[in-house]
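Asks: any chance you could fold what I've pasted below:
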Amino acid sequence: MANDADFVRQAAALPMRNGRVCLVTSSNGKRWVIPKGLIEPGQTAGETALQEAWEEAGLVGVLQAEPIGSYIYEKWCGRCLVTVFVMHVTDIAQNWPERELRQRVWLGPMSAIERIEDPGLVDLVRLATGKNTRDKVVLGH
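Replies: Okay, the predicted model is just below:
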């Protein structure tokens, strides 16, 4: 059975505002994702999620107290376990640290789901937006 030591731990924000979801392009610009990054030593998953939302998307907001779930994906550094928090966006900046590296887009739930390639992330967006066709989120894909 796999445990946390088998994964690179990351945290992510699922930014939402007025019933819409914010997606950003991945660092290589080929996929649509949510802001996420490595959980640094001494940092909580929630702190990482807020920091990544600012750096990658220029968003400020409030996280739900508990994560909505997690998913696993493969990356060059190994298998990543991403803890995802729904973030209620309170401020949207016009300039942010990775503005030149990433695109940011606001979409309705179904349009966001159509752009996301990772099945685990799709499940979490469905759950967060009420567009869920399953009873629960299954970890991993």
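
Asks: please enumerate residues in contact with stretch 108-117?
Replies: 19-21, 23, 31-33, 107, 122, 125-126, 129-131 (CB atoms under 8 Å, 6 or more residues apart in numbering). All C-beta atoms are positioned from the backbone trio N, CA, C, and that covers glycine.

Asks: wait, which of those residues is closest to Tyr73?
Replies: Among the contacts of stretch 108-117, Val33 lies closest to Tyr73 (CB to CB), at 9.3 Å.

Asks: contact partners for that closest one?
Replies: Per CB under 8 Å, 6+ apart, neighbours of Val33: 23-26, 116, 118, 121.

Asks: cutoff 6 Å now
Replies: Ser26 (CB atoms under 6 Å, 6 or more residues apart in numbering).

Asks: sec struct for Ala11, please.
Replies: strand (DSSP: H, G, I helix; E, B strand; the rest coil).

Asks: picking up where we left off before, just send the contacts of stretch 108-117 back as a markdown table, with pLDDT, secondary structure and distance to Glu98 too.
Replies: Listed next are these as a markdown table, based on pLDDT from 0 to 100; DSSP: H, G, I helix; E, B strand; the rest coil; distance: CB to CB, whole Å:
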| residue | pLDDT | secondary structure | distance to Glu98 |
| --- | --- | --- | --- |
| Gly19 | 93 | coil | 25 |
| Arg20 | 96 | strand | 20 |
| Val21 | 97 | strand | 18 |
| Leu23 | 98 | strand | 14 |
| Arg31 | 94 | coil | 15 |
| Trp32 | 97 | strand | 15 |
| Val33 | 97 | strand | 12 |
| Leu107 | 97 | strand | 19 |
| Val122 | 96 | helix | 23 |
| Val125 | 96 | helix | 21 |
| Arg126 | 95 | helix | 27 |
| Thr129 | 94 | helix | 25 |
| Gly130 | 90 | coil | 30 |
| Lys131 | 78 | coil | 28 |
